[in-house]
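Participant: can you look at this prediction? I've put the sequence above it.
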Amino acid sequence: MTYCLGIISAHGLVMAADSRTNAGVDYVSTYRKMFDFSVPGDRTVVLCTSGNLSITQSVILSVEQDLGSLDVENLHSHQSMYDIACYLGEKLRQIQAREREWLEKDRIDSSCNILLGGQVRGQPTELYMLYRQGNFIKAMPETPFLQIGEIKYGRPILDRTLTFETSIEDAAKCALLSFDSTMKSNVSVGPPIDLMMYHADSFEIRHQLTFHRGDPYLLQVRREWESFLKTAFERMPPIDWERNTDLAPDRTEFSGFLDE
């Protein structure tokens, strides 16, 4: 399993991916899941992959082959992120159609997903998630992040913290906290973690890091986040066990609470 995350804001884009594909008591394998196909000054194009490794690697290799050919469409010939998403979706469909029958004979799951983030000159910064069928969705200001892989443990911090106006510096910190929560609860996600931060309209990735196991900053993030959570927990008001439960609750107030 793996975990990949993309966050988009009015100020740019953050993308992150772990490198673990298999975990057990005696075996762990790691493969890179973030791929940069940018052309400085013209476009920023970053992909993150999760799911069946043979399928996603075939997609990446096919994309690289197209970039080496002058007479076929490729990531650098399209003039919008939407068109690039359509191109990648077709790649997924082609490779799935070629491999699915043989994988299914051995009951091997062929499902996979791709995050696509970036910006083509003259167009806005955008973030897409592609499904195994080749269709996709786009991140919107109302929900400025997309996840693939082992998503559930790292989502609460994103839901509670991020908005479309969040700075990308804060979004990058939030991404690492999301990964820390995921790694804390699921051994199938782990370092190295690739993190990329892109400033809108710069057409250059100036900030990119790989965090390995035991990285001092990752350890500091975990220690301080756990400390802050414990402090917040201790400050929560105690439950009033003597309150009158026969009184009807204020439905309007309760509804507002659920909407927060």
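Facilitator: Received it, and whenever you're ready, just let me know what you need.
Participant: now stretch 181-201 - C-alpha only, CSV.
Facilitator: These are the backbone C-alpha positions of stretch 181-201, laid out as CSV (Å, rounded to 0.1, in the frame of the first residue of the first chain):
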residue,chain,number,x,y,z
SER,A,181,-0.9,10.3,11.3
THR,A,182,-1.1,7.7,8.5
MET,A,183,2.3,6.1,9.4
LYS,A,184,1.3,6.1,13.1
SER,A,185,-1.7,3.9,12.3
ASN,A,186,-0.7,1.9,9.3
VAL,A,187,2.6,0.0,8.8
SER,A,188,2.0,-0.2,5.1
VAL,A,189,2.9,3.5,4.7
GLY,A,190,6.4,4.7,5.5
PRO,A,191,9.5,6.7,4.4
PRO,A,192,11.1,7.7,2.2
ILE,A,193,8.6,10.5,1.8
ASP,A,194,8.9,12.8,-1.3
LEU,A,195,7.5,16.3,-0.8
MET,A,196,7.2,19.0,-3.4
MET,A,197,6.0,22.6,-3.1
TYR,A,198,5.2,24.7,-6.2
HIS,A,199,4.5,28.5,-6.3
ALA,A,200,1.8,29.4,-8.8
ASP,A,201,3.0,31.0,-12.0
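Participant: would you pull up how far that stretch lies from the middle of the chain?
Facilitator: 8 Å (Cα atoms, centre = their mean, to the nearest Å).
Participant: stretch 133-141 too?
Facilitator: Mean C-alpha position of stretch 133-141 versus that of the full chain (Cα atoms, centre = their mean) differs by 13 Å.
Participant: the residue nearest to residue 81 when sequence neighbours are not counted pairs with what?
Facilitator: With Cβ to Cβ, 6 or more residues apart in numbering as the measure, residue 126 is the residue that lies nearest to residue 81, at 4.1 Å, once sequence neighbours are left out. C-betas here are computed from N, CA, C, even on glycine. On DSSP bridges, the residues paired with residue 126 through beta bridges are residue 118.
Participant: gap between residue 126 and residue 15?
Facilitator: Distance, residue 126 to residue 15, using Cβ to Cβ, to the nearest Å: 12 Å.
Participant: same drill for the two, tell me which one is more crowded.
Facilitator: Neighbours were tallied for residue 126 and for residue 15 using other Cβ atoms under 10 Å; the higher tally belongs to residue 15 (29 against 19).
Participant: now do the strands in this protein.
Facilitator: Secondary structure of the chain by DSSP state E: the strands cover 3-9, 12-17, 20-23, 28-30, 34-36, 43-51, 112-120, 126-130, 136-138, 145-149, 193-199, 207-211.
Participant: mean pLDDT for those strands: which is lowest?
Facilitator: When the strands of the chain are compared by mean pLDDT, strand 20-23 comes last with a mean of 61.
Participant: returning to what we had before: who wins for proximity to residue 57 among the strands of the chain?
Facilitator: In this view, the strands of the chain are compared for proximity to residue 57 by Cβ to Cβ, and strand 43-51 is the closest at 8.2 Å.
Participant: convert the closest one to CSV, retaining C-alpha atoms only.
Facilitator: Presented in CSV, the C-alpha positions along strand 43-51 are these (Å, rounded to 0.1, in the frame of the first residue of the first chain):
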residue,chain,number,x,y,z
ARG,A,43,4.9,23.9,-17.5
THR,A,44,5.0,22.1,-14.2
VAL,A,45,3.7,18.5,-14.4
VAL,A,46,4.0,16.1,-11.4
LEU,A,47,2.4,12.7,-11.1
CYS,A,48,2.0,10.5,-8.0
THR,A,49,0.8,6.9,-8.3
SER,A,50,-0.7,4.2,-6.1
GLY,A,51,-2.1,0.7,-6.6
